[in-house]
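Chemist: Predicted model and sequence below, questions to follow.
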Amino acid sequence: MILARLKKRFPAGPDSAEFLLDADLRSADAVSVLFGPSGSGKTLTLECIAGFIRPDEGRVMLGDDILFDAPTGVFLPPQARRCGYVFQNYALFPHMTLRENLLFATEFRAKLERHRKVNEMLERFRLTDLAGRKPRELSGGQKQRCSIARALLADPRLLLLDEPAQGLDPTLRDELHDVLREVRAGFQTPILMVTHSLEEAYTLADRVFVYNEGKVVQQGTPAEVFERPANATVARLMGIYSLIAADVLMLDPGRNTSQLRIGDTEITGPYLPGKFKGDRVWICVRPEELQALPRDGRPLPNQFPVQLERATQRPGAMRLEFQNDLRADISRADYERYRHNKEWTVEFPSTTLRVL
Amino acid sequence: MAIDWFPLWLSLRVAAISTLLAAGAGLWIAYLLAFRNFRGKEILDAAVTLPLVLPPTVLGYYLLVVLGRRSPIGAFYEWLTGGPLVFTAKAAVIAALLHSLPLLVKSTRAALEGVDPRYARAAASLGASEWRIFHRITLPLATRPVLAACAIAFARALGDFGVTIMIAGAIPGRTQTIAVAIYNAVESGNGAAARTMVVVLSALALAILWLANRLSPRHVT
């Protein structure tokens, strides 16, 4: 169980604006992910939890232990926190071999036990054959495994990972995810990791904290967060949604429907609790939720006329991009058939329409 | 006339001993200045830099007051060893030490601060004490620039003149270092000896600086 309530102000510098970290998180899950754009305070949160940086206000607790508490002035040094930290560039000690790096983390143990533990860990992370090498002789993936193994050897109560997949190619990324799943299964150590990759957050997290400009703007399970973004800001951060402004024309709780207007087109959506007639709302759709068709005669209900601006190749499909940042995927065969068509319609799902 | 090489030999020995002492003290001061926050840090920084800007006569004067035969420290030393501290080779060592310490502290501090702080953080998160982080991680990673700093300190110690002459004097065969010997040779009109010693000392200093440059890596990884 990790609890962190952090406030830290960074005054404006010559080349940076003022930044205020004001994050509040609490998680008892095995893998928690801090997701958000660069510069939103994710890494800073890890550094405050690890004790590298002292927040101005707040409190950090790990289980029943207080690591930091501003009112009483408690601030444990990193040494006393038992938080394993995996740095973005791994921070393996360059003057030591891989084995020495691991041994460094075990110096609090009895001598015989140290070597046994290190050998065990080398085996587990498939590093035994590389134990005599210096970090500069290792590949990125190997360095990363070593860095995770080193952090685990110190018996941490929490494992902090800063953008672990940054700079890894897709194969190594998958390998990393496997390693993290192994860690999750084989050790009792909860993981708190930072990423700006949606996919990574989705595949690994039990709990996601969405960061924006120093604040946690939404939290929940990946499905909750990514399927139901709390507001337009969160939806935009995920980068997978198109957001279209619309006005509420009518709300019908009896039939559980609403009438919305985008430009000159009216579409039907689900009833919107908490919204009123005349409200400006955001329709929030993913490309795969929209059906794009060449325009043909009068638009049917829930169809919105659009003009094709661009088509881009996607794995296994074509992505059509229209004005208003609307995007829809169609099969390659359909695209070949209608590729010269400029006038299209997109059809919104009426019952599952996401309105923010 | 044959040149007396005793001053060069004395200077090398004095510089070597003072560099060792300066390295011990300097490393510690540099560590405090680089990584610790404490009251009076600015004052310590200024005090260590002071010998760099004060005239040697002022430093020599202070040392005479502090270490002279009538001062408590000087008297205590005399009681302990039976001889005075000032106007001995030991005083020359102290002069050289004071002369080279500021430079050593400054470059050592820069060398320690040049080590990527992530290594120290990683070590701290693995539970290593400050001392272990310093001697197992930071110092080994800064070995080359620290050695370069020592080489420069050695070269500077070799060349001290003002403080040495004030507190160690110029007793031939006892406290006359090469810088002082050159001055005496010029004063007494012995141009040939002065020229030879000047060339030798310059070549030596050049060689040491070359070594120091070789030791300073272009980037610390």
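Modeler: That came in fine, so what should we check first? Numbering: from 1, shown residues only, chains lettered A, B, ... in the order given.

Chemist: need the residues of chain A near chain B, please.
Modeler: A:50-52, A:77-79, A:81-85, A:87, A:89, A:91, A:93-95, A:104-105, A:107-108, A:136, A:150-151, A:153-154 (C-beta under 8 Å from any C-beta of the partner chain). For every residue, glycine as well, the C-beta is placed using N, CA and C.

Chemist: Quick check: residues of chain B near chain A?
Modeler: B:116, B:118-119, B:121-129, B:132, B:136-137, B:140-141, B:221.

Chemist: Show the buried residues in these.
Modeler: B:116, B:119, B:121-128, B:132, B:136-137, B:140-141 (16 or more other C-beta atoms under 10 Å in any protein chain shown).

Chemist: Mind checking which of those land in helices?
Modeler: When DSSP state H is applied, those are split such that B:Y119, B:R121, B:A122, B:A123, B:A124, B:S125, B:R132, B:P140, B:L141 fall in helices.

Chemist: List the contacts of the fifth one.
Modeler: In other words, B:A124. A:G51, A:F52, A:P77, A:P78, A:Q79, B:I133 (C-beta atoms under 8 Å, 6 or more residues apart in numbering or on different chains).

Chemist: Of those, grab the buried ones for PyMOL.
Modeler: Selecting only the buried entries of the contacts of B:A124 in PyMOL, with 16+ other C-beta under 10 Å as the criterion:
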select buried, (chain A and resi 51+52+78+79) or (chain B and resi 133)
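
Chemist: give me phi/psi at the residue most central in space within chain B?
Modeler: Centrality entry for chain B: nearest residue to the mean C-alpha point is B:S100, 3.0 Å, by C-alpha atoms, centre = their mean. The phi/psi pair for B:S100 (degrees, to the nearest 10) reads phi -100, psi -20.

Chemist: Also A:L158?
Modeler: Dihedral angles (degrees, to the nearest 10) for A:L158: phi -160, psi 140.

Chemist: How many residues are close by the closest residue to it other than its chain neighbours?
Modeler: Ranked by C-beta to C-beta, 6 or more residues apart in numbering or on different chains and with sequence neighbours excluded, the top spatial neighbour of A:L158 is A:C83, at 4.9 Å. Neighbour count of A:C83, defined by other C-beta atoms under 10 Å in any protein chain shown: 26.

Chemist: got it, and A:G316?
Modeler: 8.

Chemist: and what of B:I94?
Modeler: So B:I94, with other C-beta under 10 Å, has 22 neighbours.

Chemist: and the helix or strand where it lies, how far from the chain's centre?
Modeler: Per DSSP states H and E: B:I94 is located in helix B:89-113. Helix B:89-113 sits 3 Å away from the centroid of its parent chain (C-alpha atoms, centre = their mean, to the nearest Å).

Chemist: go on, stretch A:283-290?
Modeler: 20 Å.

Chemist: coming back round to it: make a PyMOL selection of the buried ones in the residues of chain A next to chain B.
Modeler: One line in PyMOL is enough to select the buried members of the residues of chain A next to chain B, burial here meaning 16+ other C-beta under 10 Å:
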select buried, chain A and resi 50+51+52+78+79+81+82+83+84+85+87+91+93+94+95+104+105+150+151+153+154
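
Chemist: Just the CA coordinates for stretch A:246-264, please, in CSV.
Modeler: The C-alpha trace of stretch A:246-264 is given here as CSV (Å, rounded to 0.1, in the frame of the first residue of the first chain):
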residue,chain,number,x,y,z
ALA,A,246,-21.6,19.5,-30.0
ASP,A,247,-24.7,21.3,-28.5
VAL,A,248,-27.3,19.5,-26.5
LEU,A,249,-30.7,20.1,-28.2
MET,A,250,-32.9,17.8,-26.3
LEU,A,251,-32.8,15.3,-23.5
ASP,A,252,-35.3,12.5,-23.1
PRO,A,253,-34.8,10.5,-19.9
GLY,A,254,-37.9,8.4,-20.7
ARG,A,255,-36.5,6.9,-23.9
ASN,A,256,-33.0,7.2,-22.6
THR,A,257,-31.9,9.4,-25.6
SER,A,258,-30.5,12.8,-26.3
GLN,A,259,-30.5,14.9,-29.4
LEU,A,260,-27.1,16.6,-30.2
ARG,A,261,-26.1,19.0,-32.9
ILE,A,262,-22.8,19.1,-34.7
GLY,A,263,-22.7,22.0,-37.1
ASP,A,264,-25.9,21.6,-39.1
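
Chemist: Pull out the buried residues from it.
Modeler: A:A246, A:V248, A:L251, A:T257, A:S258, A:L260, A:I262.

Chemist: quick one: the longest helix along chain B to helix B:89-113, angle?
Modeler: The single longest helix within chain B, with elements called by DSSP H, is helix B:6-35. Going by axes from the mean of the first three to the mean of the last three C-alpha atoms, to 10 degrees, helix B:6-35 is angled at 40 degrees with respect to helix B:89-113.

Chemist: any idea of the mean pLDDT in helix B:6-35?
Modeler: Averaged across helix B:6-35, the pLDDT comes to 94.

Chemist: and that helix, what does it pack onto?
Modeler: If you count contacts as 3 or more C-beta pairs under 8 Å, 6 or more residues apart in numbering or on different chains; DSSP states H and E, helix B:6-35 packs onto helix B:41-53, helix B:89-113, helix B:143-158, helix B:178-187, helix B:191-215.

Chemist: now these in TSV, with distance to A:A292 and mean pLDDT?
Modeler: Formatted as TSV, the helices and strands packed on helix B:6-35 follow (distance: least, C-beta to C-beta, whole Å; pLDDT from 0 to 100):
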stretch	distance to A:A292	mean pLDDT
helix B:41-53	66	92
helix B:89-113	58	93
helix B:143-158	63	93
helix B:178-187	88	92
helix B:191-215	67	92
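
Chemist: Run a quick neighbour tally on B:F38.
Modeler: 8.

Chemist: gap between it and A:L260?
Modeler: Applying C-beta to C-beta, to the nearest Å, the value for B:F38 to A:L260 is 64 Å.

Chemist: just B:F87 next, same as before
Modeler: Distance from B:F87 to A:L260, by C-beta to C-beta: 99 Å.

Chemist: Then B:A124?
Modeler: 55 Å.

Chemist: and if you look at A:E266?
Modeler: Looking at A:E266 against A:L260, where the rule is C-beta to C-beta, the gap reads 7 Å.

Chemist: And for B:L211?
Modeler: From B:L211 over to A:L260 (counting by C-beta to C-beta), the distance is 78 Å.

Chemist: One more: A:A154?
Modeler: 55 Å.

Chemist: in the stretch 151-300 of chain A, what residue is nearest chain B?
Modeler: A:A154 (4.6 Å; C-beta to the nearest C-beta).

Chemist: Just to check, that residue is in contact with A:G84?
Modeler: Yes. Using C-beta atoms under 8 Å, A:A154 is in contact with A:G84, at 6.1 Å.

Chemist: Okay then, goodbye and thanks.
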